[in-house]
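[1] Give me a 3D structure for the following:
(2 chains)
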Amino acid sequence: MLKYIIKKLLLMIPVLLGLTIIVFLILHLAPGDPVHKVVGPNATPEVYENVKRSMGLDRPLIIQYFDYLGNLLKGDLGSSILQHRPVADIVMERFPITIGLGVRALLLSFLIAVPVGIIAAVNRNKLLDYFAMTFALVGISMPTFWFGMLLLYFFAYKLRLFPISGYGTWKHLMLPVITMGLTDAAVIARMMRSSMLEVIGQDYIRTARAKGLKEKVVTNKHALKNALIPVITLLGMRMGWIVGGSVTLEIIFSIPGLGRTMVDSIFSRDYPVVQGSILILAASVMISNLIADILYAVVDPRIRY
Amino acid sequence: MKNSISKKFAFILIVLLAAIAGFSGCTKADVPTGETPGGTAGEQPAKETTLVIAYERDAETLNHIKTGWYSDSLIYMYDRLVSRDYDFNYRPSLAKSWDTSEDGMVWTFHLREDVKFHNGKPLTAYDIKFTFDTILDPETASPSQSDFAAIKGLEVKDEYTVDVMLHQPFPNLLFVMSNTSAGIVSQEAYEEYGDEYGINYVVGTGPYMFQEWRQGDKIVIVKNPDYNWGPEWMTNRGPALIDNIEFRVIPEENSRLMELEAGNVHILRDVPASFLQRVDDIDGVEVMRRDATKLGYLAYACDKEPFTDIRVRQAINHAINKDDIITYVFRGYGEPAYGYLPPALKSEYYADSKKDGYEYDVEKAKQLLNEAGYNDGLSLTLSVENSTEYSRLAEVLQDQLKQVGINVVIQPYDSSSYTAMLKEGQQELFIRLYSWPNADILDWFLLSSQFPYPNHSRWQDEKTDELIHNAATSPTWDKRSEGYFAVQKHLIEQAVWAPIYIPENTIAVREEVKNFKFHPWIPQYNDGTYLEAE
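    Now for the predicted structure:
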């Protein structure tokens, strides 16, 4: 298993490298540049050229890229051309916030989805099942940002239970975590249900029942463990979705996370910040997929890497 | 056996990682800190007042020398040599007086002697010289370098006297010296903190001092208790009456409004026209309006056909129904514009702009187009930045131009791409808005030397160049104003732009904010404004 993990980690490197090239090209080939943002519309050509030179943007693209790559390999993410401070500082301030939000949401979604899925499967075609699946359908169909705004409007603005904006206490995290967690739970609950149904139909379950075991034991000990397998792999994949969803939620709830920073820096063409944020976010998505793979092996004894 | 142990290990490792990631979002603020002991037993400390202002975006850096985008907080943390009063007159601030040499090439500023920086050190002429030397140094790559291009150099005459030498007479020096970019820094602090200056340290002489900057969240400044050198036109020249000001970042517009209504935010600057009525209706909130130093206009590439023909330019001017635009696009907030400067610039505005300007007249427009040979009509592109308001404006203009036979295709752009497009000179018709409190905006946009950008009207005219040059290098402010009247008159005659509207500056202010002073440039919170205790 260790070999597998190491191999996967090493494979991340060429992927991230390819990512830097793609992001770099897209940023620099898109129209517009950060110099204009900095000097404003009223600057003279001399000032414009001077500021461009100070940002290193007057050099040929190839040189700019290899300069960036060289620094990256030394562990230096470069400096924000608009904020005049290390990209690493910016990323390290914001990344924990985004990931903290994401992991909490993921955990919440898991805690909701698994019992809901089990209950739905065990009570198949009965009222509980219909309730559960309707909840899942609504959760999948509803845009996350719209749901977030609804929660914000009712629970923060009307009922004053939570703050409307800002960041710092657990209260600030509740609404965004619930928003993301519930919408994510909808997707996972359906998976849990169908996985559970498939497992319950298996022969070994029939054997367990025939042995005279209590239904609860059959469900929780025998069926659940096996039904969880596809759901766990799903968890790893959801991380990518959560990172993407964090952008809109960070804007709606005014949370200073990395998703929002990344989008802002795309609009202001702050190239180093865009590259740094994308790299970190991509790496975290890849690592969470790797964790999902490992958990998969832990839970399923048949899997050997 | 081995397999199951490694699996257990992997599982524990993963749970640990999840726990770390999950709790990494906690900041120091999550952990309640103990109350710092203050006041002797039995004494009730006075409740601190904090004014909260909401913004869409955060500052990039608080080092105004290195950035082109200024956080409002910079205006309160620094003082400038010259200040602007409520009528946009230029008055003393850090400089208690100034004189100009006969030929207008040397200005001597006499500084106040009682000013201290936030670190306790006194302000001297050396700090003035250092500030502008740093801005003008090409190595600094300061975006505001061109503002001070007229300055050749500075010389310290004595501890409280500094000479500013110019390349040519420049009466507008008063304007640039009162700008945010001219905030005076402490040479000692600026050099000491190096790269960290503007991020973790800000040292000025202003009525407020830097306290903290939670990136992406808020900037907090606290009142300077030693402040005693407010300009003479303020009623309160001492320390401010509000203890703290918080500049909060709330990117979502609806959230800003909700917070204003909830009372968590006291001030909202620049409420968009579509929200104004709704905000005004909120209990406890008042919307203050004032003519802005802004101008919105329809421009065209004057060196391309059909715009090379003055009759076409004039026809376009006649085709625009400005009153309708103000009513339907800007909900009645704003004034029609006929000239090239906003009326709020009292001393520089050409008072006959409306008289000389072009009235809405569809028949006249059609007639002019026919004379120019376009009786079959025209097909043109209209470029615009893709905000809601501008898009609506573009649609209305499209409709109005259609009435005179000009068919227009609208092309929206995001702001960076828009500028790139203008630089490449691809525009035909395009919409612009400028926000600038000085007549020299006409220099920026319309001098031939500024072709092709920022002279995106692509207007290259000897007479315009001559008139502007005469105005800008006049010996006195009054002569300069006269010169600019002539410039504006000429531009109106030549129909270089089609001016449309003057927006309003609107500020939403909660009722707890007492004695609010709506200044044409920026609210002056230290001029007697205070917060009513709840």
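[2] contacts and neighbour counts: CA atoms only from here.
    Will do.
[3] Can you tell me the centre-most residue of the chain?
    Let's take chain A. residue A:243 (2.4 Å; CA atoms, centre = their mean).
[4] not quite, I wanted chain B
    Centroid-nearest residue in chain B, with CA atoms, centre = their mean: residue B:435, separated by 6.5 Å.
[5] all strands of the stretch 401-534 of chain B, in order?
    In chain order, the stretch 401-534 of chain B shows strands spanning B:406-413, B:429-435, B:498-502, B:504-510, B:513-514, B:530-531, with DSSP state E, counting those that start in this stretch as the criterion.
[6] Could you see whether chain A lies near the longest one?
    No - applying CA under 8 Å from any CA of the partner chain, one finds strand B:406-413 separated from chain A by no less than 10.3 Å.
[7] Walk me through which strands that strand pairs with, and which way each runs.
    strand B:378-385 (parallel) (DSSP bridges).
[8] if I pick the residue nearest to the centre of chain B, what's in contact with it?
    B:293-295 (CA atoms under 8 Å, 6 or more residues apart in numbering or on different chains).
[9] same question, residue A:233
    Applying CA under 8 Å, 6+ apart, the residues near residue A:233 are A:289, A:292-293, A:295-296.
[10] before we move on, which element is it in?
    helix A:224-252 (DSSP states H and E).
[11] next one: residue B:109
    Going by DSSP H and E, residue B:109 is part of strand B:106-111.
[12] For that strand, what is the distance to the chain centroid?
    27 Å (CA atoms, centre = their mean, to the nearest Å).
[13] number of nearby residues for residue B:208?
    Neighbour count of residue B:208, defined by other CA atoms under 10 Å in any protein chain shown: 31.
[14] Identify the residues contacting it.
    B:76-78, B:221-224, B:240.
[15] from those residues, which ones fall inside strands?
    The members of the contacts of residue B:208 that map onto strands under DSSP state E are B:221-223.
[16] Dump those to a markdown table, plus distance to chain A and neighbour count.
    Listed next are these as a markdown table, based on distance: CA to the nearest CA, whole Å; neighbours: other CA atoms under 10 Å in any protein chain shown:
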| residue | distance to chain A | neighbour count |
| --- | --- | --- |
| B:221 | 18 | 22 |
| B:222 | 20 | 20 |
| B:223 | 23 | 22 |
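[17] Give me the contacts around the strand holding residue B:109.
    B:94-101, B:124-125, B:160-166.
[18] before we move on, what about stretch B:129-147?
    By CA under 8 Å, 6+ apart, stretch B:129-147 touches A:38-40, A:43-44, A:47-48, A:50-51, A:54, B:65-68, B:148-149, B:153-156, B:162, B:176, B:181-182, B:184-187.
[19] Buried only: go through the residues you listed for me.
    Taking 16 or more other CA atoms under 10 Å in any protein chain shown as the criterion, what is buried in the contacts of stretch B:129-147 is A:38-40, A:43-44, A:47-48, A:50-51, A:54, B:65-68, B:148, B:154, B:156, B:162, B:176, B:181-182, B:184-187.
[20] Just the CA atoms from stretch B:500-507 would do, formatted as PDB, please.
    Provided in PDB are the C-alpha atoms of stretch B:500-507 (Å, rounded to 0.1, in the frame of the first residue of the first chain):
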ATOM      1  CA  ILE B 500     -25.000  62.100 -21.600                       C
ATOM      2  CA  TYR B 501     -25.300  62.300 -17.900                       C
ATOM      3  CA  ILE B 502     -23.800  63.500 -14.600                       C
ATOM      4  CA  PRO B 503     -24.300  60.800 -12.000                       C
ATOM      5  CA  GLU B 504     -24.900  61.500  -8.400                       C
ATOM      6  CA  ASN B 505     -22.800  60.600  -5.500                       C
ATOM      7  CA  THR B 506     -25.100  58.800  -3.100                       C
ATOM      8  CA  ILE B 507     -24.300  57.700   0.400                       C
END
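[21] for the helix ranked longest in chain A, packing partners?
    Longest helix of chain A, by residue count under DSSP state H: helix A:87-122. If contacts are counted by 3 or more CA pairs under 8 Å, 6 or more residues apart in numbering or on different chains; DSSP states H and E, helix A:87-122 sits against helix A:127-141, helix A:170-200, helix A:224-252, helix A:258-267, helix A:271-299, helix B:2-24.
[22] returning to what we had before: the strand holding residue B:109: partners in the sheet, and parallel or antiparallel?
    strand B:95-100 (antiparallel), strand B:161-166 (antiparallel).
[23] Could you single out the most deeply buried of these?
    Highest mean neighbour count among these (mean count of other CA atoms under 10 Å in any protein chain shown): strand B:161-166, with a mean of 21.
[24] now the helix or strand just after that strand: how far from the chain's centre is it?
    For strand B:161-166, the following helix or strand on the C-terminal side (DSSP H and E) is helix B:173-177. Distance of helix B:173-177 from the chain centroid (CA atoms, centre = their mean) equals 15 Å.
[25] repeat for stretch B:71-80
    13 Å.
[26] What's the end-to-end length of that stretch?
    16 Å (CA to CA, to the nearest Å).
[27] Does residue B:410 touch residue B:381 like I think?
    Yes - between residue B:410 and residue B:381 there is a contact under CA atoms under 8 Å: 5.9 Å.
[28] Domain parsing of chain A, as residue ranges.
    A:2-73, A:87-304 (automatic domain parsing).
[29] how about the residues of the stretch 151-300 of chain B that lie near chain A?
    Counting by CA under 8 Å from any CA, the stretch 151-300 of chain B sits next to chain A at B:195, B:215-217, B:249-252, B:255, B:258-259, B:262.
[30] Out of those, grab the one that's most surrounded.
    Neighbour tally across these (other CA under 10 Å): the maximum, 30 neighbours, falls on residue B:250.
[31] what are the phi and psi angles of that one?
    phi -130, psi 100 (degrees, to the nearest 10).
[32] which residues in the stretch 51-200 of chain B form helices?
    Ranges of helices within the stretch 51-200 of chain B are B:73-77, B:125-136, B:173-177, B:187-193, based on DSSP state H, counting those that start in this stretch.
[33] so of the ones you listed, which one's packed in deepest?
    The highest mean neighbour count among these, using mean count of other CA under 10 Å, belongs to helix B:73-77: a mean of 23.
[34] elements contacting that helix?
    Against helix B:73-77 (3+ CA pairs under 8 Å, 6+ apart) you get strand B:208-214, strand B:218-223.
[35] Now do the nearest residue to residue B:401 once chain neighbours are set aside: how many residues are near it, please.
    Excluding the flanking residues, the one nearest residue B:401 by CA to CA, 6 or more residues apart in numbering or on different chains is residue B:319, at 6.1 Å. Residues lying near residue B:319 (other CA under 10 Å) number 26.
[36] residues from the stretch 1-150 of chain A in reach of chain B?
    Contact residues (CA under 8 Å from any CA) of the stretch 1-150 of chain A with chain B: A:1, A:31-33, A:36-44, A:47-48, A:50-51, A:54, A:82-85, A:96-104.
[37] OK, contacts around residue B:530?
    Residues near residue B:530 by CA under 8 Å, 6+ apart: B:241-242, B:513-516.
[38] what about residue B:286, helix or strand, and which?
    Following DSSP H and E, one finds residue B:286 within strand B:285-291.
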